[in-house]
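Participant: Sequence and predicted structure, then a few things I'm wondering about:
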Amino acid sequence: MTSSSRNPILITASRLLAPFIQLFALYVIFHGHFGPGGGFQGGALLAASILMLRLSVGAERSELKFRKSWGTPVGALGAMIFAGTGLLTLLLGGRFLEYHFLPLPDLSRAELHSTGILLIEVGVSLAVMAVLVAIYDDIMEGPGGD
Amino acid sequence: MEIEFIAGHNLYWIISLLLLVGLYGMLAKRNLVKKLVGMNIFQTSIILFYVAIASKKKATVPVIDAALGSVDPAHYINPLPHTLMLTAIVVSVATTGVGFALLISIFRRYGTLDEDTLLKRMR
Amino acid sequence: MRKISLIALVLFGALLLYASSGLPGHGDPDGPSHRERSRAGSPVAAAHYIRHAQGDAASPNIVTVVLADYRGFDTLGETVVVLTAGLVCYLILRRSP
Amino acid sequence: MIEANLPLLVPLTFLILALLIPLIGVRVPGAAYPLALAAVLASIPMAGFGLFRVIEGGPVTYTLGGWEAPVGIELVLDPLASFLTLVVTVVSCLVLIHARHVASVEHPDKRVPYYSLVLLLLAGFCGILSTGDLFNLYVFLEISSLAGYGLVAIGDKRSPVAAYRYLILGSVGTGFYLLGIGFIYVMSGSLNMADLARILPHILDQPPVLSGLILMVTGIGLKMALFPLHFWLPDAYSSASSATSALLAPLGTKVGAYILIRVLFFVFDPAEVEQRVPIASVIAWLSAAGVLYGSLMALAQQELKRMLAYSSVAQIGYIGLGLGMANPLGFTGAVLHILNHAFMKAALFLVAGNLRVKVGHSNIADMDQRLSRQMPWSMAALVVAALSMIGLPPTAGFFSKWYLVLGGIQGSDWVFVAVILLGGLLNAIYFFRVVERVYLPFRKGSSDHAAADGVQEVVESREVRLSMLAPTLVLAGGLLVLGLASSFLVNRVIQLMIPPGL
Amino acid sequence: MNDLSTYPSAVPLLAILVSAASVPLIGISARRPNLREFWTLLAAGAKFALVLSLLPSALVSRAAETRLFQISPGIDLTLRADPFGVFFALIASGLWILTSFYSIGYVRGLKEKHQTRYFASFALCLSATLGVAFAANLLTFVIFFEILTISTYPLVIHKQTPEAIAAGRKYLAFTLTAGVVLVAAMAATLQLTGTLEFQAGGLSALEDLSPVEVKILFGMFLAGVGVKAAIMPLHAWLPAAMAAPTPVSALLHAVAVVKSGVFGVFRVVGFVFGPETLSRYGLNEVMLWLAGSTILLASCLAFSEDNLKRRLAYSTVGHLSYVVLGAALLSPSGLIGGLLHIANHATMKIVLFFCAGAIYVNAHKEKISELDGIGRAMPWTMGAFALASLGLAGVPPVNGFVSKWYLGLGALEAGSVAVLSILLISGLLNAGYFVPIVYRAFFKQSEKFRSIGEASAWMVVPLILAAGLSALLGLMPDRFFHFFTLAQQIAAQVLEVSIP
C-alpha cells in the first residue's frame, strides 16, 4: 500500500471500527459455546481487524498493534496453548485432551470439558489470527529474497 | 427415473458439476491463478457435498434447543460433517495461502503466471 | 495433456454419477449416517453426539463440542495446518531480517 | 505414562517441538536445529519401544480425550504402523544429521521455518501412521502435504514451479481422498477404520462405497506417485534442496503407500472388493507399467537427482506391484521394499547432496574418475546403494525383490515376475552408467589418458565432513545389515502385519 | 557310501571368510605393497589349509556344515562341505596360491595401476567362489553366485581401456541377466516344490510337476548357470573378458568364474533335477547337443583367432562344454570324466594363461603370429605351454587324457556314438589349434626375441608347478587330493548307485 492512497476518512473509520470488530471477534469466540462461532471464526475476525488497519493506516503504524515478526511465534503460541492443554491433561493422568483432568477445583466434569473447549478455542483463535496476518505480511513484502 | 429420485439427488448432480468445473480448472487451465481458483471451486464443492449429506428433513441446526423438548437425533441435523468441514475449510484456506505464496515466488522469478510462457522461460 | 485431462474428467464425472445413484436422497432422515446404530451394530457417532453433547460438555452447540472435544485432535491438526501454512509463507517469501 | 500413551508419543513429540521452534527461534534462531535433532533423537527410542510392545503384546489403541471410538478419535499402533514409524524416525534422524550443513549452505537464514516444517512434515507422517480414523488421517495428510509443498519450494530456481505443480496435484489427491471419505461416511455413518471394517462388508455393493474407494485410491495414488499419477514427482524431487529431497523421497511416497495398504487391506476386504471392482489388479498392472516407465525415464536423465526421482517412480511401482498381487508374499515384499527403498533412496539422495555441496553439481555427464578418489567413501556408498537398487545379494534390495518374485509366482502372475526382473536389469544399466563415470576414465580419448594415467596423480581429498559422511555410510551399511536381517524382519515383524483378508 | 551325513563345523564358513577378511587388510596396507601381498598370500595359504582339512571327512561322505541364520522363511544360509563342494573348493583355493604368486610377478612386472583394488577384488572373488562351492541350497548358491559376478567386474575392467570397459559391460549384461533368470527359476522352484535344498539325485518333489513346468524350469536354470559356463550361444562375454589382466583370465576365466558355471550345471543336473527326471523328459539330450555343438564350434572359432588369449578363451569355451557333456551323459563314467575335467582343465588352462601372461610381460606380444622363435628365449615357459596344450588335446600322460578317457567311456555307457565322435574330432581340433603355436615357438626362426629371457621367478615357478601338477595328476589321478575318489563318490551320490 502506497502512502499516497491514504485517505483520512478511511483511516479514521477503520481505526474506529477496529475495536468493535475485535470485540465482536471475542464475542464470536466465546459464543461458540452456545451458537455458531468459535475459535476459527473469531480468529479470522481478529485478523480482519488487524488487516484492515494494515490496509488503511499502513504497515508501519499498524505494526504498533501487531508486529510483523510476531506472526509465526504467536501462531505457534496459539497452537501451543491447544497442545499444552492436551499435554496438561495427559501429565495429570488423563489422556490427551481429556479435559476433566484439568486442575480446576469445584467444577463438574461437564464444566471442566466446557472450560477445556474454551481454552483451546482461545488457542485456535490466536493461532488463526496470527497466521493469517503473517501470511498477509509475507505476501505483501516487496520483491526480493532471490 | 422417478421424480422423487430426481428431487432427492439433483443437489448431488449440481455438486458433481461443480466438482468437474473445479477439476477442469485445475487440470486444463493454462493460467496458474486460474488453477488455484479451480482448486478452490473443487474444495468448496467437496465442502458443499458434506454439508448436503448432513441435512435431515424436518430437523434444525445442531444447537440444542430446549423448546424442542427431549433430545432426539431426529430433531437436529448431523453435526459431524459440519465439524469436519470446519477443518476442511481451514485446510482449503491454508492451501490457498501457500498456493498464492508460491505464485508470488514464481512471478518474482519468471515474471509470468502463464504456464506456456513459464515453460519457455524455464528452459 | 489436455486430452488426458478431458478423459480424466469424463471418468470422474461418470464415477460421480454412478455414486450418486446409490446415495440416499437429500435430507433423507433415514440415511445410514443419521441412524442410531450402524449396520454392524456399533453406535453411530452423529446420534451419540446429539444425545450426549450437552451432558458431556455443558454446551448446547453440538458442533463446537464435537470440534473441540470429541474430535479435538482433528482440530489440533487443523490449527497446525494453519500454522504450517504460515511457516511455509515465511519460508518462501520472507526476506532475511 | 509412556506405556499408556504409546501411540501418541511420536507424533506428539514432533508436533510439540515443531511448535517450540518458532517460539524459541524468534529470539534464538540457532536453537532450531538442536530442537529438531532432539525431536528425532527422542522419537527413535519411543518408536522402537512402541514396535517392541506391539510385537510382544499386540496392537495398542489409544482413545483421544477418553472418547471411545467410533465417537472419538482413536489411534492404533499395530505392527505395520509401529514398524513404519520406526523407519520414518530412523531415516529422518540420519537425514537430519546430514542436513545441518546442507541447510546452512543452501538457505542459512531460513533455519527456523525450515526445521519447524521438517518436524511438521514428520509429525504429519507419524500421525498418518498411527491414526485409526480416516478423517484424522486426512488432517495429518494435509499437514505433511503443506509442509512438503513448502519444503520443495526452496531449492534451485525452478523449485517454486515444481512446488506449485505439486500443490495443485496434491490438492487433487487430498480432495479425492476427502470426497471418497464423504461417500463412505454417507453410507456407513462412521469414520473409524476398525468400525468401518466391520460395517463395510454389509454395504460393499452400494455404488457410493465402491466409488468412494476408487476415489480414495486415486487420491492416495496421486500422493504416492503411483504411475500414471506420478508427474509431479520428478520435478519436485529434483529441484528441491538436497536436504529436502533426501527427506521427502524416501519417506513421502512410502507414507502414501502406507495409506493405500491401510485403506485397501485393513479397512476394506481386498478379496471382497476384487470381486466387484478389480482395484488390486489395476494397481498391479499400472505399477508394472510404472516400473518399466520409471526405469526407462531414469535411463534418459542426465542429472543424478532427476534420475533418482524417476527411479523412485519405478520403485514405487515395485511396492504397488507387491500390494496389487494381493497375496501374503507380495505383501511381504512390498513392506520390505518400503523399508529398503527408504534406506536406498535416502543413501542415494545423501550422496547427491554430498556431490552438490562439494562439487557443486550432480550432472552425470560431468562426473569423472576424480570423484572416486576425491570422495571415496561417498562413492562407495553410492555403489552399495546402487547394488541394492539393482537387487543384488547380499544387499537389502535383493530380498525385497525376492519376496516380490515369490509373490508373483504364488499368484501365477508371470508378467509381473518378468517386469520385476527386467526392472532390476534396467536399474543395473542406469546405475552402472553412473558408477562407470565415477570409477573409470572418461571414454573419449581414454587410450592416451590411460597412458598418461600411469603416474598416479595426487588428488586432494574432497570428502564431505563427518556429519554428512556418517549418515551416508550408516544408510549404505544399513542396506547390508537389512539384507542379512531380512528374514528376521519378515518372521518377527512383517509376518504380524499381513492383513487378515489375504 | 552314498548317504551323506553332516556334522556342524565352522570350517566352511571360515574358509570363505578368510579371504573376505583379508580384503580390509589389503585395503589398509595399500601403501605398503609387500605387506599387502603378504596378506594375500597368507589368506591364500590359510584358505587352502582350511579346505584341505575338510577333505578327510568328505572322503568318507561326512560333510561339515555351517548353518547360519535364516535368509528367507524356511531357508537358512547354509554351507555344507559335501564331496562335490570340497572337490571344487580344493581346485579353486589351491590354484589361488599359485595365481597369487604369479599375480605379484605379473602386476609388478607391468607396473599395473590400482594394484590394491586388484588384490582386494581377487580375494573377494575367491570368497564368493568358495561360497558357491559350499552352498547347501539354491538361495545360498545364488547369493554367492551374484557376489562373484559383482566382485569379478572390477577385475574385468581393470585395465580401464575402452576395450576393457566394453568387455565389462558385456560381462555384466550377460551375467546379470543370467542372475535374474536364475532368481526367477529359483523362486519358481521354491513355489512349486517347497524346498531349495540341494539333494543328491534331485528334488523328489519335482515328480509332481507337469512336463511343461519341468522343461521350462530346466531351461531357465540352464540359461542361468549356462552363461558362466559359457555354453553357446551364451559364451560371448568370455572372449571379450580377455581384456582383463592375464592372472585374472587365468584364475577367474579358467577356474573360478567359469568353473562356478559348470559347477552350477552339475548342481542343477545332479542335485536339483536329478538324472531320472532329466532322462524322463529327454532334457539331457538337449544338453548333449548344446554341449556337443559348443565343443565343435568353439574349437573351430579358436582356429580363426590370432590373439593368444582369445584363442585360449575359445578353447575354454570348448572345454567347459566337455564338463557339461559329462554331466549330460548321466552315466557313471561320464560324470566322473566331467568332474575330473573340472580339475584337469583348470590346471592345464591356468598353465596356458600363465604362459600367455609371461610372454606378454616379457615380450609384449599378444598375437600368435608374432611368436615365432619365442621358445628359444623362454624355454621353460614354452615347454610348460607345450605340455599343457598336449594335455588339452588329450595326449597321455597329461591329465587331460584321463578325463577324456572317462568321458569316452561314459559315452559308450550311454551308448552314444555321436558323443564319442565329437570327443575324438574335438581332440584333433584341439591339437590343431595348439600345435602350430608350439611349432612356431620352437621351430620357426626369428631374431626378435634374442634380447629377452625368461620372466621373473614369481611367474615361472608357479607356471612350472602348475604344469607339473597337470602331469602328475595325469599319471596318478587319485594322488594328493583324491580327486578321483571324490569324483567317484559324487557320481555315486548323484546316480544313487554304488560305483566300484
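Facilitator: Yes, it's here.
Participant: where are the low-confidence patches of chain B?
Facilitator: B:1 (pLDDT under 70).
Participant: Residue numbers of it in contact with chain D?
Facilitator: Proximity of chain B to chain D is assessed by Cβ under 8 Å from any Cβ of the partner chain, with B:19, B:23, B:26-27, B:32, B:35-36, B:39, B:42-43, B:46, B:49-50, B:53, B:80-81, B:84, B:87-88, B:91, B:94-95, B:98-99, B:102-103, B:105-106, B:109-110, B:118, B:122 identified as the residues in range. All C-beta atoms are positioned from the backbone trio N, CA, C, and that covers glycine.
Participant: and those residues near chain C, which?
Facilitator: Restricting the residues of chain B next to chain D to those within reach of chain C (Cβ under 8 Å from any Cβ) leaves B:19, B:23, B:27, B:53, B:80-81, B:84, B:87, B:91, B:94-95, B:98, B:102, B:105.
Participant: secondary structure element for whichever residue of the stretch 51-200 of chain E sits closest to chain B?
Facilitator: Using Cβ to the nearest Cβ, the single residue of the stretch 51-200 of chain E nearest to chain B is residue E:169, 32.9 Å away. Under the criterion of DSSP states H and E, residue E:169 resides in helix E:162-193.
Participant: If you count neighbours, what's buried in that helix?
Facilitator: Neighbour-count burial for helix E:162-193, counted by 16 or more other Cβ atoms under 10 Å in any protein chain shown, picks out E:162, E:164-165, E:167-193.
Participant: Which helix or strand contains residue 51?
Facilitator: If you meant another chain, say so; for now it's chain A. Assessed by DSSP H and E, residue A:51 sits inside helix A:39-57.
Participant: other chain: chain E
Facilitator: Taking DSSP H and E as the criterion, the element that holds residue E:51 is helix E:33-59.
Participant: what's that helix packed up against?
Facilitator: Helix E:33-59 is packed against helix E:11-28, strand E:62-72, strand E:75-81, helix E:83-110, helix E:115-134, helix E:479-495, with contacts defined by 3 or more Cβ pairs under 8 Å, 6 or more residues apart in numbering or on different chains; DSSP states H and E.
Participant: buried sites along the first one?
Facilitator: The one in question is helix E:11-28. Within helix E:11-28, the residues that qualify as buried are E:11-23, E:25-26, counting by 16+ other Cβ under 10 Å.
Participant: Pick the one among the residues you listed closest to chain C.
Facilitator: Taking Cβ to the nearest Cβ as the measure, chain C sits nearest to residue E:23 out of these, at 46.3 Å.
Participant: Do I have it right that the closest one meets residue E:126?
Facilitator: No: taking contacts as Cβ atoms under 8 Å, residue E:23 lies outside contact range of residue E:126: 10.2 Å.
Participant: related to what we said a few turns ago, identify the residues contacting the residue of the stretch 51-200 of chain E closest to chain B.
Facilitator: When the contact criterion is Cβ atoms under 8 Å, 6 or more residues apart in numbering or on different chains, the partners of residue E:169 are residue D:432.
Participant: Helix, strand or coil: sort out whichever residue of chain C sits closest to chain E for me.
Facilitator: The minimum distance from chain C to chain E, using Cβ to the nearest Cβ, falls at residue C:4 (33.4 Å). Here residue C:4 is recorded as helix under DSSP: H, G, I helix; E, B strand; the rest coil.
Participant: quick one, helices of the stretch 251-400 of chain E?
Facilitator: Remark: helices of the stretch 251-400 of chain E, listed N- to C-terminal, are E:257-266, E:274-280, E:283-304, E:308-329, E:332-363, E:374-377, E:379-393, E:399-413; assignment by DSSP state H, counting those that start in this stretch.
Participant: I would like the residues contacting the last one, please.
Facilitator: By that I understand helix E:399-413. By Cβ under 8 Å, 6+ apart, the list of residues contacting helix E:399-413 from outside reads E:322, E:325-326, E:329, E:331-338, E:340-341, E:343-345, E:347-348, E:390-395, E:417, E:419-420, E:423, E:427, E:470-471, E:473-474, E:477.
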